[in-house]
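Novice: what would the 3D arrangement of this be:
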Amino acid sequence: MVDTATTKAVPAAAAHATRQGYWRGVLAMDFSVSEIKAFLVSAMQGGQEGEYQLYDSHLNLLASSTPGNVLTLLSPREQELLSRAFVHDNQGGLRLLTRYISWAKLRNFDGVLLRIHTLREGVRGNFGTITIALTLMWVLFTLMLLLSWLVIRSMVRNMSVLQTSLEWQAWHDALTRLLNRGALFEQAMAVASDCQRSGRPLAVIQLDLEHFKHINDRYGHQAGDRVLSMVASTLSSAVRQGDLLGRVGGEEFCIVMPNTTLQEAAAVAERLRQRIQGREVFLHNNVTLRVSASLGVSASEERGEYQFEALQSVADGRLYLAKQNGRNQVCFRSAA
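Specialist: Prediction:
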């Protein structure tokens with residue numbers, strides 16, 4: 001209806017009167033927009049938050065509880081969702097990201113009343129409490145997943161480091177940090193097979209320190225350990241990349257040299273003997289110690305033998321020939 005005084009639309013409510021099934025007439029009442037607005041404003045008194053809005057059936061805003069022109073307008077999507085809901089229900093609610101809209105159709109009025117709840121008001125209600133609880137549970141679950149991932153990654157990393165450390169310990173001598181006997185033999189057999197397939201020469205040097213037991217007995221095992229470390233350092237600095245060097249006994253060392261002839265290996269052995277003899281080991285109380293070594297050399301070119309154990313056995317035999325012939329020397333020929 002239209003207010004003749006203001007020429008503005010005026011909401012109207014009507015109801016038909018019946019008696020014993022017979023139509024008797026229609027009862028209608030007109031309300032001005034200002035009266036409805038005052039009613040909506042009074043409904044929000046008492047510290048309530050949010051906003052009441054009255055719409056006609058086409059979702060045209062008629063009145064709001066918000067003072068002045070500060071309105072919380074519906075977005076096109078919200079209008080579409082509400083229009084769909086009006087078709088099937090007389091009341092309901094619409095949950096949005098930052099607010100909650102509850103609505104109800106009015107009896108004997110072609111329109112709908114909306115209550116727009118604020119986020120803070122929704123948080124204080126049951127819905128807000130449940131939402132906060134679910135959010136906190138999700139955050140805690142995410143943090144637990146992240147923490148579990150960090151713990152698992154740290155464990156895997158530690159296991160990898162531990163595995164690497166155990167592998168290194170299984171393949172190396174703890175004192176000299178050279179290959180141990182088992183690792184040297186395994187790798188040497190692979191190198192020997194490769195040299196045999198490619199037709200390259202292979203040489204083996206066996207080294208033993210002189211009077212090492214006397215050093216341990218006279219100066220102690222710490223002095224013996226220093227001697228072994230010095231010899232290992234001297235040998236490591238002299239071998240080439242691709243050569244194999246290992247400690248194969250108490251004071252015995254072995255060098256495997258691919259692509260090396262007997263004469264070349266004998267020359268290397270002599271240089272090593274001279275370097276070891278020329279170095280001093282410093283002990284306690286300014287005491288120094290010099291050591292010497294005997295060395296035996298063998299090579300595949302002598303008999304076409306590429307089995308590492310056989311070559312190592314020949315070099316070991318020549319090592320003891322060097323000891324028998326006066327020690328502190330290199331032997332690369334077998335006894336006649």
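
Novice: C-alpha only now, for contacts and for neighbours.
Specialist: Will do.

Novice: all helices for the protein, in order.
Specialist: Secondary structure of the chain (DSSP state H): helices located at 33-43, 76-88, 119-124, 126-171, 181-198, 212-219, 221-238, 262-278, 308-324.

Novice: tell me which of these sits nearest to Ser64.
Specialist: helix 33-43 (5.8 Å; C-alpha to C-alpha).

Novice: care to break this protein down by domain?
Specialist: 12-124, 128-171, 181-331 (automatic domain parsing).

Novice: quick check, Asn180 in contact with Asp173.
Specialist: Yes - judged on C-alpha atoms under 8 Å, Asn180 makes contact with Asp173 at a distance of 5.0 Å.

Novice: what touches both of these two?
Specialist: Residues touching both Asn180 and Asp173 (C-alpha atoms under 8 Å, 6 or more residues apart in numbering): Arg247.

Novice: quick one: which of those two has more around it?
Specialist: Asn180 (22 against 17; other C-alpha atoms under 10 Å).

Novice: pull the contacting residues for that one.
Specialist: Asn180 sits in contact with 171-173, 246-248, where contact means C-alpha under 8 Å, 6+ apart.

Novice: can you rerun that using 10 Å?
Specialist: 169-174, 245-249, 253-254 (C-alpha atoms under 10 Å, 6 or more residues apart in numbering).

Novice: next one: Leu74
Specialist: Counting by C-alpha under 10 Å, 6+ apart, Leu74 has contacts 59, 61, 80, 82, 116.

Novice: go on, Tyr320?
Specialist: Contacts of Tyr320 (C-alpha under 10 Å, 6+ apart): 206-208, 294-296, 327, 331.

Novice: and what of Arg200?
Specialist: Here Arg200 is in contact with 192, 194, 258-261, 300-301 (criterion: C-alpha under 10 Å, 6+ apart).

Novice: could you dump these to a markdown table with pLDDT, neighbour count and distance to Trp103?
Specialist: Shown next, in a markdown table, are the contacts of Arg200 (pLDDT from 0 to 100; neighbours: other C-alpha atoms under 10 Å; distance: C-alpha to C-alpha, whole Å):
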| residue | pLDDT | neighbour count | distance to Trp103 |
| --- | --- | --- | --- |
| Ala192 | 97 | 25 | 89 |
| Asp194 | 96 | 15 | 87 |
| Pro258 | 97 | 23 | 91 |
| Asn259 | 96 | 16 | 93 |
| Thr260 | 97 | 19 | 95 |
| Thr261 | 96 | 19 | 99 |
| Ser300 | 96 | 24 | 98 |
| Glu301 | 94 | 15 | 101 |
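
Novice: before I go, just wanted to say thanks for your time.
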